[in-house]
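Chemist: sharing a sequence plus its predicted fold:
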Amino acid sequence: MSAPAASPSVLTLRGVHKRFGDVHALRDVTLEVRPGTVHALLGENGAGKSTLMRVAFGLVRPDAGTIVVSGSPMATPFTPLQAIARGIGMVHQHFTLVSAMTVAENVALGASGRYAPDVVAARIRDIGERTGLVLDPAARVSDLPVSAQQRCEIVKALARDVRVLILDEPTAVLAPDEAAALLQWVRHFADADPSHAVVLITHKLRDALAMADDITVLRRGQRVLCAAARECTEASLADAMLGPDERARALDEEVVPHMTSHDDSVGAHHEVVFADALDVRDTRGVMRVKRASFAVRTGEIVGVAAVEGSGQHELLRAVAGLLPTTSGRLRVPDDIAFVPEDRHRDALLLDASLTENLALRDAGTRRGRLPWAEFAQRTRDLLDQRDVRAASATVLARTLSGGNQQKFILARALDDAPPALVVENPTRGLDFRATAAVHDALRDARDAGIAILLYSSDLDEVLQLADRVLALHDGELRAVPRDRDIVGRAMLGAAS
Amino acid sequence: MITPLDDFLAAAVRTATPLALAALGECITERSGVINIGLEGAIICGAFAATVTAGAVGGSSGVAAGFAAGAVAGVLVTLLFMLFTVYLRADQIITGTAITLFALGLTGLLYKTVYGTTGVGLTIPTTGELPIPGLSQLPVVGRAFFAQPLVTYGLYLVVPLLAWWFARTHAGLALRATGESPDAALAAGVQPRRVQALAVLTGGAFAGVAGATLVLAQSGTFVEGMSAGKGFIAIAIVVLGRWSPIGVAGAALLFGGASALQYLFQSLGWREVPYQLFLALPYVLTLLVLARASARAQAPAALARRELTLG
Amino acid sequence: MTATPTSSVLAANVGREGRGALGQVAQVATLVAITMGLLVLLLAVTGYDPATALRALARGAFGSWYAFTSATLVRAIPLALTGLAVALAFRAGLLNIGAEGQLLAGATATAAVLGASGAVPPLLSLPLALAAGMAAGALWAGIAALLRQRFGVLEVISTIMLNFVALYAVGWLVRGPLQEPTRIYPQSASLAKALQLPVLLPGTRLHLGVLLAVSLAVALWWWQRATAGGFRLRAVGMNPHAAATIGRVDVARVSLLAFLASGALAGLGGAVELTGVTYALYENLSPGYGYTAIAVALLARLNPVGVLGTAVLFGALQAGANAMQRDAGVPIALVNVVEAVLILLVIASDRLRGTRAEATA
Amino acid sequence: MLISERFSQTRTRRSALRLLAALGASALVAACGGGTAGSADAFRVALLTPGPISDQAWNGGAYAGLLAIRDSMGAEVSHIQTKTPAEFEENFRQYGAQGYRLVVGHGFEFQDAAMRVAPDFPNTVFVCTSGNATAPNLAGMNFAFEEASFQAGMIAAQLSTSGVIGAIGGTELPPVRASFIAFERGAKLVRPDITVLVAYLGTWDDVAAGKEQALAQIARGADILFQNADAAGLGIFAAAREKNVLTFGANANQNDIAPDHVIGSVVIDLPRALLLVAREVESGAFQSTVYQLGLRAGVVNLVLNPRLESRIPADLRARVDSVGTAIIEGRFHDMDDVLRPADRAGTSP
């Protein structure tokens, strides 16, 4: 415990418990944020970081625990409005802006009484001058680029005289230089006023060590570490985040496993996917991929590195045969498999059985009666062989955990050994164990000779898995060496 | 000199009044992301409650009481809809259909219970026209807009007030945000459920007043099923008016005008055009307008969505 | 339950509803019982003798062979066909509220074809007329389908609009082009005996339509469960994005076909009602079958065979309501309340169960 | 399992089951033929109306007739409001099967169904108002509404100061159209230059529509309104009251609905008409025919409102009465071309 006398904390969460059904999301978690500091909240996906902060912001009602703001406790339950009134602001990982409304309207949202656009606009400009977070108050949010939307989120919080700012993975959607600028600003905000503080939710050790004063680490809903940043090292944090046994695996993963010497055993590396001067427009007719040329060969993973909205969404769908190409040449096998990033939206019939979900693959081309008995058998085989934890083939897809859903989706895609596979953000939202399982499955598929085109918004994941890397910037694709710095610059469009 | 145009416009405004009331209420409701197909039920309940109350109280205070009762009845029947859709998150279309069925049946049943076989006749006190001195003498628009029952003048206040409220109050922002993105609204400190609940009930009150208007400012009597599809017309009006109060008022006037055209044509002796055409015209018009892309762009993004928040 | 290949087929399909057919029937029975309890209360409150009224209700619906076949089942036929229409559309994720208008379109086309079919032998003209009814229903639904696909118009709104347009169109037609030859009454010419749908059981009004409804329901049930096309329909209804992305299903095409098929079923409902019951086109041909159909489909959990059961239930309710007015003086409007309460109870029980399931998930 | 899931408390479950059992029992009782109301040999009369009997007009009048049969003949009566052709036949058959002796379908729309049903129930007499079909146990009953409408037109024309009068109908049904033509001819007889505005609402229930159409006609100068619109007609009275013009009631005596604005009503004495046929049926004197009931039978009358009667000059009154006498004596032929041959084919009692 830190000494309370010198600097009473601006935000304290004590003994927070939260269960979702059978899952203990948070167990007796305590967090103290000192004034004028940046407090990094570290943990793997699913460790409970976001949930904890949603508790602090009144979005999640805890089963037990107290929340104290600037010395006085919050009456539980409380609403985000009450949290805001007490000077807490939260910027969510997935933006919570109303895209049909203007910046000013979004900033004003949540207050009461009369809304005067001029006053709010002046305030936004004022904040812009003070902080460098410049925005056009009259712009519609839907017209703004991602980085401006992020600024809008922060300005929204600042406009309410927020003293404790909670940022949930703020750099996830930003390009590296934008991310760096943002973190600089965060440091500046914390230093500007002794009543200020920032909670930075992240899973990036580097960011935490570089920017934070204090670091709290959560693992599986429990606090496993709370220390000053200067007392921590990457190794100690990794130990805390992953636990001793899993850390070993994680370090293994850092080693690039795919040896080029391995190539000969696969035989002739013919190009399974081949694109030449490919143009792709999105569903609204906007050109998103321009003259892309590349190939994916048997037995390799080609990784695409890009910041959000660079055209990767369209590129992957064009290759998967789901989006028509405008011009250029594209040669892909008919039975190419696709694993989309949004499991619930694009990959599963949540209210159907696993057997029916298996049958969904190729449902568009089947005729006549469906061989349900065969599907059921294949589903059971698949559950056994691919280590998908499900009670039976007849359970609803909804009842599976996220990790098992993704394992099922991947297994389904690989079920009849397709020559090529397109994968998009395959581990989004998965915990460490499930992530490792997905990575293993992808490498196994690659080793079995399948040509894989992979995109991940996590540059580290791309570098971990890919044999070759393509950087995509504003629709323009080029091959780059597997070097973090080079790739990072290339995806921003900087000359190499 | 009173021209056929004057009369036509006056009839259009009169016919538009209950439609505009119901549609403005539905506009509020839909802006919060809920579509209330049970509007028809709220209208008929409002009409019935207004009939019973105004008849029992009598006189001009009876009219006032009738309007109040109409609003209360509209709220009560909509409360059922609200509990189902906002709190149980039941399907809005199906619940709304059931509510309409429920209200039409219940009012029919209660009407017989209260008034027996002879009905209520013309014993209900009504509001008359209340010409505004000066304004009602204006050419063309004078009689049409300024020689109407009080409730119509109420609309002249409500429409701009509502437009202002949508755009210039934080409550209005909260309402629109809830209809666009309940998640965003929630994160900004708005309570989407509460907003939707209040919006739906407000819509019910408006519909109830619309029903009361049918009785107290127009017919002077109650007839089973006298809402005659006006709730559905109001939903079309909201679409046609692109979810904005001014637009809704204009669209209501257009629908009123289509009906008034039928009266005008027949009274001028032009009976070659089948009256069904005039009755169907507003619906066809709405369908045609819907086919224009710009109309849909205004629709609240979360309209009729069952899950309130995605998180 | 251990999954053998054959049982798992069934489980895969039934499992989605989360419980067996027996459980569903039990649930519906419970809800009907609660509704009846509320009915008794309502009758007592409004001053009618519940015992007399309920006896009349039972007698009107099931009291005699005649009542069952000619009041309950005859009503159940259009309810079943429109119920199948709604169930099919809902299953595909289309909120087709327009079965009423599609039914009217079907009846109108049937009347027009039979009116103009003079020289064609009845054996040919009757099927032709039913086909015309289906085509007209599909066409009427096609307007909403087109608006949805080309312009993104919510089908909920467009189908409601189209119901009113259909109603007024029929009102005009029976006073205009389709009016009976003497041009006195607002109705089309009454059908000659040969052009009427044959009565199935002598001494009753039960016509051939019942066989059509039953066979279509069974066929649809089988089709949805066993065939690729049926699975595509369900997949699109459950999640069009996944159907397109993983199944590579042409969602627009499946939606369009489902909408057209739904309209055709409702249109057939109108055609069958005209040729089997009313024998002429009237403005008031439908007492709102297309709206009741929503309840029929929902209560049956969109199961085509279940639709048969709920159609009979609602047919019995309405037949019983007629008897309640005849024999106990209870206003017929009461049946609306009963139907509404039943729908609300179904929704409530589903949602309460759903919320609990979500809470423990 | 499901029930226990839904009602975790056994108490609730038990009562639900009890309710189910009670329901099953009542169905069983009904199925065994128990509980049929009334005795088998009572004289039973049924009425089917297309609209609500609270309209104080066409439907309300017929219901009054039904009650008159009950009260003066001690009959058991039943009424049902039904709007859908599919239900017409069913209800006819149900009444037939229950041994009703007389079943009245109140409107032309019931005729087709009655024709189909009548042969199957030879012991039941079916009567359709405004109908013209006959069978051994099926009669039509036409009301010469136009006779008194003609008289109403005469009064309207003379009382009008503007020279414009109006007539508003629900939908364009044959008897409505015929009476409007009679109204116009009566008016023109008195005042050849009179303008008669005719309109149809397309509905019998939409009161607001009735009022609006009335206002539209009043705006066109009409100061006397004739109407035949049932429930929607109430809106026409409301408009008359608001704009202080005179109207005529129709079908039933509507003079009291707006006592200062209804000059008189073209009344169909439905109680009288229905009693007439009911007595014939009961006594066995019924003969299949198309009843032609008008002034002569005393079934159709122009009943003036005593409060406003003084406005009608004596000479006009005499002229109206003389037309009435001519009609009763069969000397009036101004409407012969309008009415259908079938209407005239029937006998007039």
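Modeler: Thanks, I have it.

Chemist: over to C:P127: give its phi and psi.
Modeler: phi -60, psi -40 (degrees, to the nearest 10).

Chemist: what about it, distance to chain A?
Modeler: To chain A, C:P127 is 27 Å away according to CB to the nearest CB, to the nearest Å. Any C-beta I mention is one placed from the backbone N, CA and C, and that applies to glycine too.

Chemist: run through the chain and note the low-pLDDT ranges.
Modeler: You didn't say which chain, so I picked chain A. Flagging of chain A using pLDDT under 70 yields the residue ranges A:1-7, A:21-22, A:45-46, A:173, A:175-176, A:244-269, A:492-496.

Chemist: wrong chain, I was asking about chain D
Modeler: D:1-40, D:338-349.

Chemist: what comes up buried for the host helix or strand of A:A148?
Modeler: Using DSSP states H and E, A:A148 sits within helix A:146-158. With burial defined by 16 or more other CB atoms under 10 Å in any protein chain shown, the residues of helix A:146-158 counted as buried are A:S147, A:A148, A:Q149, A:Q150, A:R151, A:C152, A:E153, A:I154, A:V155, A:K156, A:A157, A:L158.

Chemist: residue in the stretch 101-250 of chain A nearest to chain B?
Modeler: For the stretch 101-250 of chain A, the residue closest to chain B is A:G110, as judged by CB to the nearest CB, at 3.5 Å.

Chemist: next SSE after the least confident helix or strand in chain C by mean pLDDT?
Modeler: Within chain C, confidence by mean pLDDT, DSSP states H and E is lowest for helix C:5-14 among all helices and strands, at a mean of 29. On the C-terminal side of helix C:5-14, the closest following helix or strand by DSSP H and E is helix C:21-45.

Chemist: what is the mean pLDDT for that next one?
Modeler: Averaging pLDDT along helix C:21-45 gives 84.

Chemist: that one close to chain A?
Modeler: No. Helix C:21-45 stays clear of chain A (CB under 8 Å from any CB of the partner chain), getting no nearer than 15.4 Å.

Chemist: helices or strands up against that helix?
Modeler: Judged by 3 or more CB pairs under 8 Å, 6 or more residues apart in numbering or on different chains; DSSP states H and E, the packing partners of helix C:21-45 are helix C:50-62, helix C:304-328, helix C:334-360, helix D:2-6, helix D:10-31.

Chemist: worst mean pLDDT among the ones you listed?
Modeler: helix D:2-6 (a mean of 34).

Chemist: picking that back up, closest to chain C out of the buried residues of helix A:146-158?
Modeler: A:Q149 (23.4 Å).

Chemist: burial of the closest residue to that closest one other than its chain neighbours, as a residue count?
Modeler: Once flanking residues are discounted, A:Q149 sits nearest to A:F95: 5.4 Å by CB to CB, 6 or more residues apart in numbering or on different chains. By the criterion of other CB atoms under 10 Å in any protein chain shown, A:F95 has 20 neighbours.

Chemist: give me every residue that touches A:F95.
Modeler: A:Q149, A:Q150, A:E153, B:A184 (CB atoms under 8 Å, 6 or more residues apart in numbering or on different chains).

Chemist: now the two most distant members of those.
Modeler: A:Q150 and B:A184 (14.2 Å; CB to CB).

Chemist: surely D:N255 is within a strand?
Modeler: No. Using DSSP: H, G, I helix; E, B strand; the rest coil, the secondary structure at D:N255 is coil, not a strand.

Chemist: quickly find the element holding D:R177.
Modeler: helix D:174-190.

Chemist: and stretch B:238-248, how far out from the chain middle?
Modeler: Relative to its chain's centre, stretch B:238-248 lies at 12 Å (CA atoms, centre = their mean, to the nearest Å).

Chemist: not counting it itself, show me its contacts.
Modeler: With CB under 8 Å, 6+ apart, stretch B:238-248 has contacts from B:20, B:23-24, B:26-27, B:30-31, B:158-160, B:162-163, B:166, B:237, B:249-252, B:254-255, B:285-286, B:289-290, B:295, B:298-300, C:157.

Chemist: ok, of these, which come out buried?
Modeler: Applying 16+ other CB under 10 Å to those flags B:20, B:23-24, B:26-27, B:30-31, B:158-159, B:162-163, B:166, B:237, B:249-252, B:254-255, B:285-286, B:289-290, B:295, B:299-300, C:157 as buried.
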